[in-house]
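Novice: Coordinates for the following, if possible.
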Amino acid sequence: MSDAPVPILMYHAVATAPNEATRTLSVAPEAFAEQMALIGDLGLTPLTTAGLAARWRSGRPLPARPVLITFDDGYEGVHRHALPVLAEHGFPATLFVSTGWIRGVHDTGGGLDTMLDWPQVRELAEAGVEIGGHSHTHPQLDQLDDPALASELTRGTEILTGELGVRPVSFAYPYGYSSRRVRRAVRESGYGQALAVGNGLARRRQGPYALERVTVRRATGVEEFERLLRGRAIARTFARDRALTQGYALVRRARQVRRKAIRCRV
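Specialist: Just a heads-up that it's a prediction; the model follows:
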């Protein structure tokens, strides 16, 4: 069975004038349109997250040159700017929603910029965008104890199911952070697949709960974007990101050890 790599693109905000909190991980609407046009020009075939996972599970062959277009958190520009471009090209995509950041009755006030509201989320779903889970309040899941972790997953899943009338089957870890315990909890919550970050190409052998993505941000030029699609020079492109991630992973593991030690003393 083929384990050919698949680029999974990770977007956040699509905005003309993002605020400081989201600027780095945003893309301009014009850049997004150019990137989607390039996907079409290169003959790539976009899939949803659930679509990719289903093909890998069943052993069905992937289409020629597959790619995934994903968005995290739930920023309003996904509806305003990205949806018309996706519709123009007939591209499916996946939006991972932090339910406590969406404007409406479940809003916890944690959204970093202007967020979607539930009618907009439903319009995206009706247009063929897969809506996946991204927790309720967007915490670092691997830093939570078991009850808090279960609450984040259950609350987000229940809200999405209630608002959309269908249970989400795909999940993305907030900040990309997970652990064996978190991945097990996500699986036990009923999700069939989950995306991390990793800034590498996704492969079947990574397993359905640790698929890697590549980050698209405001500084991503069209030449770099084409390299991401072709899987070229990815390690060099994200070398600094990986060094920072590895350093912070040590800090987070130390925090976990301290918390366990404190619990044992109580």
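Novice: Quick check: the gap between M36 and F91.
Specialist: Note on M36: its distance to F91, by C-beta to C-beta, to the nearest Å, is 6 Å. For the C-beta atoms, the positions are set from N, CA and C on the backbone; glycine is no exception.
Novice: Mutual contacts of those two, please.
Specialist: Here M36 and F91 have I69 as joint contacts, going by C-beta atoms under 8 Å, 6 or more residues apart in numbering.
Novice: Stretch 177-195 spans what distance, first to last residue?
Specialist: Its start and end residues considered, stretch 177-195 measures 10 Å (C-alpha to C-alpha, to the nearest Å).
Novice: mind saving the C-alpha coords of stretch 200-220 as PDB?
Specialist: What follows is stretch 200-220 as a C-alpha-only set of coordinates in PDB (Å, rounded to 0.1, in the frame of the first residue of the first chain):
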ATOM      1  CA  GLY A 200       6.200  18.000   7.600                       C
ATOM      2  CA  LEU A 201       4.200  16.100   5.000                       C
ATOM      3  CA  ALA A 202       1.600  13.700   6.200                       C
ATOM      4  CA  ARG A 203       2.100   9.900   5.700                       C
ATOM      5  CA  ARG A 204      -0.100   7.000   6.400                       C
ATOM      6  CA  ARG A 205       2.500   5.500   8.700                       C
ATOM      7  CA  GLN A 206       2.200   8.400  11.100                       C
ATOM      8  CA  GLY A 207      -1.100   6.900  12.200                       C
ATOM      9  CA  PRO A 208      -4.500   8.500  12.000                       C
ATOM     10  CA  TYR A 209      -4.000  10.600  15.200                       C
ATOM     11  CA  ALA A 210      -0.700  12.200  14.500                       C
ATOM     12  CA  LEU A 211      -0.800  13.500  10.900                       C
ATOM     13  CA  GLU A 212       1.500  16.300  10.300                       C
ATOM     14  CA  ARG A 213       0.800  19.700   8.600                       C
ATOM     15  CA  VAL A 214       2.700  22.600   7.200                       C
ATOM     16  CA  THR A 215       2.100  26.100   8.300                       C
ATOM     17  CA  VAL A 216       1.000  28.800   5.900                       C
ATOM     18  CA  ARG A 217       1.500  32.300   7.200                       C
ATOM     19  CA  ARG A 218       1.700  35.900   6.200                       C
ATOM     20  CA  ALA A 219       5.300  35.700   5.300                       C
ATOM     21  CA  THR A 220       4.800  32.600   3.000                       C
END
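Novice: Show me what counts as buried in it.
Specialist: 200-202, 204, 206, 208-218, 220 (16 or more other C-beta atoms under 10 Å).
Novice: for the stretch 101-250 of the chain, which spans come out with low pLDDT?
Specialist: 239-250 (pLDDT under 70).
Novice: can you rerun that using 50?
Specialist: Counting by pLDDT under 50, the ranges of the stretch 101-250 of the chain that qualify are 242-250.
Novice: can you give me the strands in it?
Specialist: 129-133, 170-172, 193-198, 211-215 (DSSP state E, counting those that start in this stretch).
Novice: which residues sit in contact with T70?
Specialist: I8, L9, M10, Y11, T49, A93, T94, L95, F96, A172, L195, R213.
Novice: Across the sheet, point out what pairs with it.
Specialist: M10, T94 (DSSP bridges).
Novice: was I right about P208 contacting A196?
Specialist: No: look at P208 against A196 with C-beta atoms under 8 Å: they stay out of range, at 11.4 Å.
Novice: neighbour-wise, which of the contacts of T70 leads?
Specialist: For the contacts of T70, the largest number of neighbours (other C-beta atoms under 10 Å) sits with A172, at 32 neighbours.
Novice: so who does it touch?
Specialist: A172 touches T70, D72, F96, G132, G133, H134, A194, L195, A196, counting by C-beta under 8 Å, 6+ apart.
Novice: Having no further points to raise, I will conclude here.
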